[in-house]
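Asker: Everything below, folded, please.
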Amino acid sequence: MSLKLFFAPGACSFVPHAALELAGATFEPVIVKLHKGEQRSPEYLALNPRGQVPVLVDGADVVTQIPAIALHLDALFPQAGLLPSGGMARTRALQMLMWMNNTVHPTFTHVFMPQKFTSDEAAQKAVKEHAVQAYRGLLEDMEVMARAAAPWLAGAQPGVLDAYALTLLRWGGMAGVDPATLPATWDLAQRFAGLPAVARAVERERLQLNVYKPA
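Answerer: Numbers count the residues shown, from 1 in each chain. From the prediction side, this is the model:
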């Protein structure tokens, strides 16, 4: 098995990055410097024409999109418990994963890159302001889920849901949300980041968990 992960520090690619470390996988980490436009290089676009991270290369196969990569890694490393193995626990975990990916994540995109949705500067400001409030509400929804964690979002073992929750909470700081106002999620993120396997990914990405700065 030959695995290579293309990731950008602080991006959503932290989810498979942490998952690979949790699984004890042997893989080659490759940094994609988004601020330098490396995701638009011909070499990278040959892997992913959408120019996005993450990209997982498994031998001759290329896998993109977080849910697909998460399911692929879960199948490769079932012993890691990245997702529950079956039954309603797995259904609920996938339900949460899809919600994080198709609702919470895109809302932050409206905060971070409003220019993707309109070229009008005044409209961009309005899009961002609206998205900030919406994102705060979604993080509050996630806080309810974190309060029920036992002890992790999918149950007894840490996995992809916890990695995504850490990422989304961290982004909240950029949207003006103090993680201390979401104590259960903040505790979950810190416990997850403190796991030795996850700490390797945090160190490789040089992540600062709390990026919130009071106005």
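Asker: Would you mark the buried spots in the top helix by length along the chain?
Answerer: For the chain, the helix with the greatest residue count under DSSP state H is helix 121-147. Neighbour-count burial for helix 121-147, counted by 16 or more other C-beta atoms under 10 Å, picks out 124, 127-128, 131-132, 134-136, 138-139, 142-143, 145-146. C-beta here means a position set from N, CA and C on the backbone, and glycine is covered the same way.
Asker: with these in mind, which one is nearest to Leu5?
Answerer: Met142 (24.8 Å; C-beta to C-beta).
Asker: Just give the nearest non-adjacent residue to the closest one, would you?
Answerer: Spatial nearest neighbour of Met142, excluding adjacent residues (C-beta to C-beta, 6 or more residues apart in numbering): Thr185 at 5.7 Å.
Asker: tilt between whichever strand or helix holds the one you found and helix 121-147?
Answerer: Using DSSP states H and E, Thr185 sits in helix 183-193. Here helix 183-193 runs at an angle of 80 degrees relative to helix 121-147 (axes from the mean of the first three to the mean of the last three C-alpha atoms, to 10 degrees).
Asker: Export helix 183-193 to PDB, keeping only CA atoms.
Answerer: Extracted C-alpha coordinates of helix 183-193, given in PDB (Å, rounded to 0.1, in the frame of the first residue of the first chain):
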ATOM      1  CA  PRO A 183     -16.800  24.900  26.300                       C
ATOM      2  CA  ALA A 184     -17.800  21.300  25.400                       C
ATOM      3  CA  THR A 185     -16.500  21.600  21.800                       C
ATOM      4  CA  TRP A 186     -13.400  23.400  23.000                       C
ATOM      5  CA  ASP A 187     -12.700  20.700  25.500                       C
ATOM      6  CA  LEU A 188     -13.200  18.000  22.800                       C
ATOM      7  CA  ALA A 189     -10.800  19.800  20.400                       C
ATOM      8  CA  GLN A 190      -8.100  20.100  23.100                       C
ATOM      9  CA  ARG A 191      -8.400  16.500  24.100                       C
ATOM     10  CA  PHE A 192      -8.300  15.400  20.500                       C
ATOM     11  CA  ALA A 193      -5.300  17.500  19.700                       C
END
